[in-house]
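[1] the following comprises the amino acid sequence and a computationally predicted model.
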Amino acid sequence: MNINRPFYTEQMKKLVETPLIKIINGVRRSGKSTLLYLLEDQLSASGISSDRIIYKRYTSMAEAEIPDAVAMYKDIASRTAGKGKCYLLLDEVQEVDGWEKVVNSLFEDDGHSVFLTGSNSKLLAGELSSYLSGRYIGIPVYPLSFREFIDFRKARGKDGGSIKDYIESGGFPVISTGDFDLATAQQIIYGIYTSIVIKDIQRRHKIANFDLFNRVVDFVVDNMGKTFSASSVVRFLKGQGRTQNIEQVYDYLRWLEEAFIIYKCRRYDLRGKEILATQEKYYLSDHSLIYGLKGFRGTDISSIIENIVYLELRRRGYNVYVGKLYDREIDFVAEKMEGKDRLYVQVCRTMPEKSDREVENLRTIRDAYPKIVVTLDEYSSDNLEGIRIIPLSAFLLSDRF
């Protein structure tokens, strides 16, 4: 059963006739293939004949006879010949060497509407851009939001679930569409992680020393939501008796980003109005990855909440930074429209009703943009000098911040 995800299907529907290549990208198992199936249904419902809708999944055995770009082009051209404008839904195109030339020809020369998915940001940004010069638009896809998590559970005849359920289960659709105990769910999540590393990192970059790579991953996971640099990782490895040059650490971090395992959150100096070059934070593409790699640890809850808030801001189209104001840190500075729409967010596990410790950093900001503290507690308030206290569940389900 393909459960609708209207947040994405509405975006795709609006872009169907837009003269741009539509790129659906995100971490593996986040639901990209399902979105193409949903789009196929939308196109059929709109009156487009089925022979003009071409769905190809390049990770399936059915496409094993497509070894290269020439074969890929001939195959699609034979299916579209004489039919006029067709709608091409191409899943995991990076599995075919030279796919970008094929996509360019199908779009530019043949005039088809093209949607494609992929699980590597370098493939879908750097290499494609050299052929299309900006004639494409990205649709970033993330694992389930809390709202989607509730919808998925209800679609399966279950109760909507609580924020506690979401924290414990994570957002990968495969977990939300099955009934798994905690140990099985963690095994599935670890399997997702290893498949990403093998298919999207090892195959492309040929990691020579998996022990060092895994230690870098351990460092990132253990320091999720904390600022650090590649030099910090090198010092950590040295303390373990392992030597590693800083360039290799940068490579590992970049490869993890390209495979959408992690996202980099850069620091922004609110006083100097500039993005800083050092001491970034990193967040996981889904907080459940921490369970697959480390198991469930109560000490991780604060970082997990922060990870959830970070992804929700990105999901809603914000550019997200860590704020620096003098010696203070703002967890998130979220912006749209080149700073015209801005939001400041602090995240904490608990918020004592009588305490103002968690809002002190926000008080130092002297502009009129919204300022929010998000907490796991159910306590809320709108009266702390314009600073709102919002429970995590309410924040995630709100239509507007």
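    Thanks, I have the structure now. Residues are numbered from 1 along each chain as shown.
[2] C-alpha from now on. contacts and neighbour counts both.
    Fine.
[3] quickly note the distance from the spatially most distant residue from the centre of the chain to residue 88.
    Using C-alpha atoms, centre = their mean, the residue of the chain lying farthest from its centre is residue 82. It sits 38.7 Å away. From residue 82 across to residue 88, the span is 15 Å (C-alpha to C-alpha, to the nearest Å).
[4] tell me the bridge partners for residue 113.
    According to DSSP bridges, residue 87 are recorded as the beta-bridge partners of residue 113.
[5] what about the helices in the stretch 251-400 of the chain?
    Here the stretch 251-400 of the chain has its helices, by DSSP state H, counting those that start in this stretch, at 289-294, 301-315, 360-363, 392-397.
[6] wait, which of those helices is closest to residue 23?
    For residue 23, the closest of those is helix 301-315, at 15.7 Å, according to C-alpha to C-alpha.
[7] close enough to count as contact, residue 257 and residue 250?
    No: using C-alpha atoms under 8 Å, residue 257 makes no contact with residue 250, being 10.6 Å away.
[8] so where's this protein shaky on pLDDT?
    Where the chain drops to pLDDT under 70, the residues are 1, 61-65, 122-133, 339, 352-355, 357, 383-384.
[9] okay, now the domains of it?
    6-140, 180-296, 319-397 (automatic domain parsing).
[10] residue 23 contacts residue 117, doesn't it?
    Yes: Residue 23 is in contact with residue 117 according to C-alpha under 8 Å; the separation is 5.8 Å.
[11] the more surrounded of the two?
    Set residue 23 next to residue 117 and count neighbours by other C-alpha atoms under 10 Å: residue 117 wins out with 26 against 21.
[12] phi first, then psi, for residue 19.
    Note on residue 19: its backbone torsions stand at phi -80, psi 60 [degrees, to the nearest 10].
[13] list the residues that contact it.
    113, 135 (C-alpha atoms under 8 Å, 6 or more residues apart in numbering).
[14] which stretches in the stretch 1-150 of the chain count as helices?
    6-15, 32-45, 69-80, 99-108, 128-132, 146-155.
[15] just send the ones you listed back as JSON lines, with mean neighbour count and distance to residue 92 too.
    Output for those, formatted as JSON lines (neighbours: other C-alpha atoms under 10 Å; distance: least, C-alpha to C-alpha, whole Å):
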{"stretch": "helix 6-15", "mean neighbour count": "14", "distance to residue 92": "17"}
{"stretch": "helix 32-45", "mean neighbour count": "18", "distance to residue 92": "8"}
{"stretch": "helix 69-80", "mean neighbour count": "15", "distance to residue 92": "13"}
{"stretch": "helix 99-108", "mean neighbour count": "19", "distance to residue 92": "10"}
{"stretch": "helix 128-132", "mean neighbour count": "15", "distance to residue 92": "14"}
{"stretch": "helix 146-155", "mean neighbour count": "20", "distance to residue 92": "23"}
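[16] hang on, the earlier thing: need the helices of the stretch 251-400 of the chain in CSV with mean neighbour count and distance to residue 280, can you?
    Putting the helices of the stretch 251-400 of the chain into CSV (neighbours: other C-alpha under 10 Å; distance: least, C-alpha to C-alpha, whole Å) gives the following:
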stretch, mean neighbour count, distance to residue 280
helix 289-294, 20, 19
helix 301-315, 20, 14
helix 360-363, 16, 19
helix 392-397, 18, 24
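[17] of the ones you listed, which is nearest residue 51?
    helix 301-315 (33.8 Å).
[18] by contact count, what packs against the closest one?
    For helix 301-315, the elements it packs on are strand 281-284, strand 319-325, strand 341-348, helix 392-397, judged by 3 or more C-alpha pairs under 8 Å, 6 or more residues apart in numbering; DSSP states H and E.
[19] the first one packs against which elements?
    Other helices and strands packing on strand 281-284, by 3+ C-alpha pairs under 8 Å, 6+ apart, are strand 262-265, helix 301-315.
[20] list the buried residues in it.
    Of the residues in strand 281-284, 281, 282, 283, 284 count as buried by neighbour count, 16 or more other C-alpha atoms under 10 Å.
[21] understood, closing this out.
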